[in-house]
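Asker: the following block contains a protein sequence and its predicted model.
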Amino acid sequence: MSSVDVLQNILANIPKLSTDDLHTLMNSIKCELPVRENNLAELVDYIPDFCSDTALLDEVLKECASLNLCDSRKKAATQWLSPTGESYIYPDTVPTHKAMDISTFPAILKLQSHINTSSDVGGPLEACLIIRYNSEETALSLHADDEDIMDHSKPICSFTIGASRSVDFFSKGRKPPGRKATLR
């Protein structure tokens, strides 16, 4: 079915939709437009709705909540999960992420396995950094994700559950302004 056929089908069915269905359609459009307008494909491989297993996502959320991450109003809280227990140390700043054993989080491991077996991702990934954003104002500072402990031949994956987030991308060595992308 071509995109024109899909659009004609949607338009023909609008009168039959409930108010809730119309809100869902409008919210989907509101989320999709920023992605299209920012040419996200030029910046990252974006895979919307990567995991549709809601039971798994609920369990991942419970495991993340069990970490009791408390962020400030502006700075996101984080927890490093690793099979080796090796701390994650930023080379240019003081913070050290003490690792927790990722094997004690079965839902997160299952999601990681789903990512690692996907043909869309060039894994395998071994560890992850859980980041909790308390509000739209909460953020991470500008950073490069290029620490020596990272295997630079592997991708950096961001799996987002919940509200849409705006992410700013900058070319290395170039100061803002960069490009903003909304991920959902």
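Answerer: On my side now, so go ahead.
Asker: leaving out the residues flanking it, which one is nearest to residue 78?
Answerer: What sits nearest to residue 78 in space, not counting adjacent residues and going by C-beta to C-beta, 6 or more residues apart in numbering, is residue 131, at 5.1 Å. In short, each C-beta sits where N, CA and C put it, glycine included.
Asker: isn't the one you found up against residue 138?
Answerer: No. Residue 131 is beyond contact range of residue 138, at 9.3 Å (criterion: C-beta atoms under 8 Å).
Asker: shared neighbours of the two, anything?
Answerer: residue 76 (C-beta atoms under 8 Å, 6 or more residues apart in numbering).
Asker: what's the spacing between residue 128 and residue 115?
Answerer: Between residue 128 and residue 115 the distance is 9 Å, computed by C-beta to C-beta, to the nearest Å.
Asker: then residue 84?
Answerer: 18 Å.
Asker: give me the more crowded residue out of the two.
Answerer: Between residue 84 and residue 115, counted using other C-beta atoms under 10 Å, the more crowded position is residue 115 (20 against 10).
Asker: tell me if I'm right that that one and residue 156 touch.
Answerer: No. Look at residue 115 against residue 156 with C-beta under 8 Å: they stay out of range, at 11.7 Å.
Asker: now residue 99, what are its backbone angles?
Answerer: phi -80, psi 150 (degrees, to the nearest 10).
Asker: grab the nearest non-local neighbour of it.
Answerer: In space, and not counting its chain neighbours, residue 99 is closest to residue 82: 4.0 Å by C-beta to C-beta, 6+ apart.
Asker: ok, that neighbour - contacts?
Answerer: Going by C-beta under 8 Å, 6+ apart, residue 82 touches 88, 99-102, 126-127.
Asker: low-confidence stretches in the protein?
Answerer: Where the chain drops to pLDDT under 70, the residues are 30-46, 71, 85, 87-97, 122-123, 143-150, 152, 155, 162-165, 169-184.
Asker: what ranges does it have for its helices?
Answerer: For the chain, applying DSSP state H gives helices covering 3-13, 19-37, 54-66, 106-116.
Asker: please save the CA atoms from the first one in PDB.
Answerer: It refers to helix 3-13. Extracted C-alpha coordinates of helix 3-13, given in PDB (Å, rounded to 0.1, in the frame of the first residue of the first chain):
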ATOM      1  CA  SER A   3       1.700   6.300   1.400                       C
ATOM      2  CA  VAL A   4      -1.000   8.100  -0.700                       C
ATOM      3  CA  ASP A   5      -3.300   5.000  -0.200                       C
ATOM      4  CA  VAL A   6      -2.600   5.000   3.600                       C
ATOM      5  CA  LEU A   7      -3.300   8.800   3.800                       C
ATOM      6  CA  GLN A   8      -6.600   8.400   1.900                       C
ATOM      7  CA  ASN A   9      -7.600   5.500   4.200                       C
ATOM      8  CA  ILE A  10      -6.900   7.600   7.300                       C
ATOM      9  CA  LEU A  11      -8.800  10.600   5.900                       C
ATOM     10  CA  ALA A  12     -11.800   8.400   4.900                       C
ATOM     11  CA  ASN A  13     -12.000   6.900   8.400                       C
END
